[in-house]
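Peer 1: make a model of this:
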Amino acid sequence: MSDSNAKFTPYQVFLMIALAAMQFLIILDFMVLSPLGAVLMPALDISPQQFGFVVSAYAFSAGISGLLAAGFADSFDRKKILLFFLAGFLLGTLLCGIANSYIFLLLARIVTGIFGGVVGSIAFAIITDLFEVEKRGRVMGTVQMSFAVSQVLGLPIGLYLANLWDWHAPFLLIVGLGVLVFILIILKMQPVTAHLALQKNDSAFIHLRKTLSTPFYLRAFTATTLLATGGFMLMPFGSAYAVNNLGITMDDLPTIYLVTGICSMIAGPLIGRYTDKLGSVFIFTAGTILSMIMVLIYCNLGVTPLWILIIMNAVLFVGLTGRMISSSALSSKVPSPADRGAFMGINSSVSQISGGIAASIAGMIIKESPNGHLENYPLLGIVVAISMMICVWLIWRIGSALKVRDGAETRI
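Peer 2: Residues are numbered from 1 along each chain as shown. Modelled structure (predicted):
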């Protein structure tokens, strides 16, 4: 049995902080669109369907680029390839910060997605390379905590800047912070090259094809497809739903994201620790059950007092955080060392593409009435809940297969 209390080295602590900071920027770049939706749609005179396309543009381009890059992901020093794609992500975000039309913003999101979608998969490959399996739940808990920190710090500050100036300001903030993280990685991060010695002389295309054709990997990619559905369907329209359906004011939105983020930030490390102790499958199942209950309630609400909505959002995001951390820890155990970069790249691509499809479907399900009220939200909640149920079944199958492959005593 592995030791779930194994200590981290000082360099591993630095890596967790650096990768968490980078993930914070990547996640904030995507998440900031949701609360800005209520401001951005009238500012650019776009419909909910067009806004769904803006969200999907990032997802589709990230998915396609990640898939194309997957064949090369295991052929280079991971530090160099990380810096390349991080630089492109910052360029795309800068373009978002100066966009002045729907088409400009759409193109800017495509550029951002082409590079940003690959950054996360490289980070997870680095984690899998440099952290022992018994530490990965805690590492994922720390890195995924960036999701919560983006709510606690990023979203309120982003909304404040958007209200103070306009919706471009949050993107410019991300660029400024991103340059600092970029410099930190250049100066302090060591090359990550151990995986290069494991490579065969296959071409990038053959390496990609072999990874895509491995049955066990395909099962994991299928689970990722369903895992992405919930967040991409609900989050893009969250602010518009809160304002137009639940009676929340724009001034109250930062408070909702702040409290929800604090709860998720506290829960993240705890979930990571218990993922190492109790197993990824158990934590994922518990997080899914909690999330399903909250989604079905949330999507059927009418005008709701602020304090009730804050509590519901906090509980929902704790459940979603549990799903994210536990599934990431489980996914890190699936690929062989020689395939980690390709597997993580494809897995990220599958997540982004399926998320883009989900966001587009959500944009077609949801209809906006003349007074701004969003209709068909209960139907959206049912679709999300069903996808969550199927995903739990797939995660259990993956866990069972890992026990067979790695030994019955393996904690999954």
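
Peer 1: so W167: helix, strand or coil?
Peer 2: Here W167 is recorded as coil under DSSP: H, G, I helix; E, B strand; the rest coil.

Peer 1: roughly how far does it sit from L309?
Peer 2: 23 Å (CB to CB, to the nearest Å). C-beta coordinates here come from the backbone N, C-alpha and C atoms, glycine included.

Peer 1: which of these two has more neighbours?
Peer 2: W167 (24 against 21; other CB atoms under 10 Å).

Peer 1: setting aside sequence neighbours, what's the nearest residue to S61?
Peer 2: G113 (3.5 Å; CB to CB, 6 or more residues apart in numbering).

Peer 1: ok, that neighbour - contacts?
Peer 2: By CB atoms under 8 Å, 6 or more residues apart in numbering, the contact set of G113 is A57, Y58, A59, F60, S61, A62, G63, S65, G92, Q352.

Peer 1: show the buried residues in those residues.
Peer 2: When those are checked for burial by 16 or more other CB atoms under 10 Å, the buried set is A57, Y58, A59, F60, S61, A62, G63, S65, G92, Q352.

Peer 1: for the last one, list the residues it contacts.
Peer 2: Under the criterion of CB under 8 Å, 6+ apart, the neighbours of Q352 are Y58, A59, F60, A62, G63, G66, G113, G117, A228.

Peer 1: look up the closest residue to L95, ignoring the ones flanking it.
Peer 2: Once flanking residues are discounted, L95 sits nearest to A108: 3.7 Å by CB to CB, 6+ apart.

Peer 1: might one say that the one you found is in contact with N100?
Peer 2: No - between A108 and N100 there is no contact under CB atoms under 8 Å: 10.4 Å.

Peer 1: with respect to G261, which of the buried ones among the contacts of G113 is nearest?
Peer 2: Y58 (21.2 Å; CB to CB).

Peer 1: which non-adjacent residue is nearest that closest one?
Peer 2: In space, Y58 is closest to G113, 3.8 Å off (CB to CB, 6+ apart).

Peer 1: how about K367, phi and psi?
Peer 2: phi -120, psi 140 (degrees, to the nearest 10).

Peer 1: so what sits opposite it in the bridge?
Peer 2: On the basis of DSSP bridges, K367 is bridged to E375.

Peer 1: tell me the contacts of it?
Peer 2: Going by CB under 8 Å, 6+ apart, K367 touches P48, L374, E375, N376.

Peer 1: got JSON lines for the residues you listed, with pLDDT too?
Peer 2: What follows is the contacts of K367, written out as JSON lines (pLDDT from 0 to 100):
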{"residue": "P48", "pLDDT": "71"}
{"residue": "L374", "pLDDT": "85"}
{"residue": "E375", "pLDDT": "88"}
{"residue": "N376", "pLDDT": "89"}
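
Peer 1: now a PyMOL select for only the buried ones of those residues.
Peer 2: Of the contacts of K367, the buried ones go into a single PyMOL selection, burial set by 16+ other CB under 10 Å:
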select buried, resi 48+374
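
Peer 1: closest one to F104 out of the contacts of K367, please.
Peer 2: Proximity of these to F104 (CB to CB) peaks at P48, which lies at 19.5 Å.

Peer 1: contacting residues around the closest one?
Peer 2: M41, F237, A240, G363, I366, K367, E368, L374.

Peer 1: how close does R136 sit to I103?
Peer 2: Using CB to CB, one gets 42 Å for the distance from R136 to I103.

Peer 1: of these two, which one has the most company?
Peer 2: Between R136 and I103, counting by other CB under 10 Å, R136 is the more crowded of the two (25 against 10).

Peer 1: and the helix or strand hosting the more buried one, average pLDDT?
Peer 2: Assigned by DSSP states H and E, R136 belongs to helix 136-149. The average pLDDT within helix 136-149 is 75.

Peer 1: beyond that helix, next helix or strand please.
Peer 2: Going down the chain from helix 136-149, the next helix or strand is helix 155-164, by DSSP H and E.

Peer 1: how about that following helix: buried residues?
Peer 2: By neighbour count with 16+ other CB under 10 Å, helix 155-164 contains the buried residues L155, P156, I157, G158, L159, L161, A162.

Peer 1: by pLDDT, give me the weakest of these.
Peer 2: Among the buried residues of helix 155-164, L155 has the weakest pLDDT, 66.

Peer 1: sec struct for the residue nearest to L95, please.
Peer 2: What three-state DSSP gives for A108 is helix.

Peer 1: residue contacts, it?
Peer 2: By CB under 8 Å, 6+ apart, the contact set of A108 is G92, L95, C96, A99.

Peer 1: one step back: just the closest of the buried residues of helix 155-164 to I386, please.
Peer 2: Among those, L155 lies closest to I386 (CB to CB), at 28.7 Å.

Peer 1: in contact with M364, which residues?
Peer 2: Q49, G52.

Peer 1: what's the helix or strand for it?
Peer 2: Assessed by DSSP H and E, M364 sits inside helix 340-365.

Peer 1: and that helix, which residues are buried?
Peer 2: 340-363, 365.

Peer 1: what's the model's confidence in it, averaged?
Peer 2: Mean per-residue pLDDT for helix 340-365: 79.

Peer 1: from here on, count from 187
Peer 2: Right, with 187 as the first residue, what we last looked at is helix 526-551.

Peer 1: what stretches of the stretch 487-598 of the chain score poorly on pLDDT?
Peer 2: 593-597 (pLDDT under 70).
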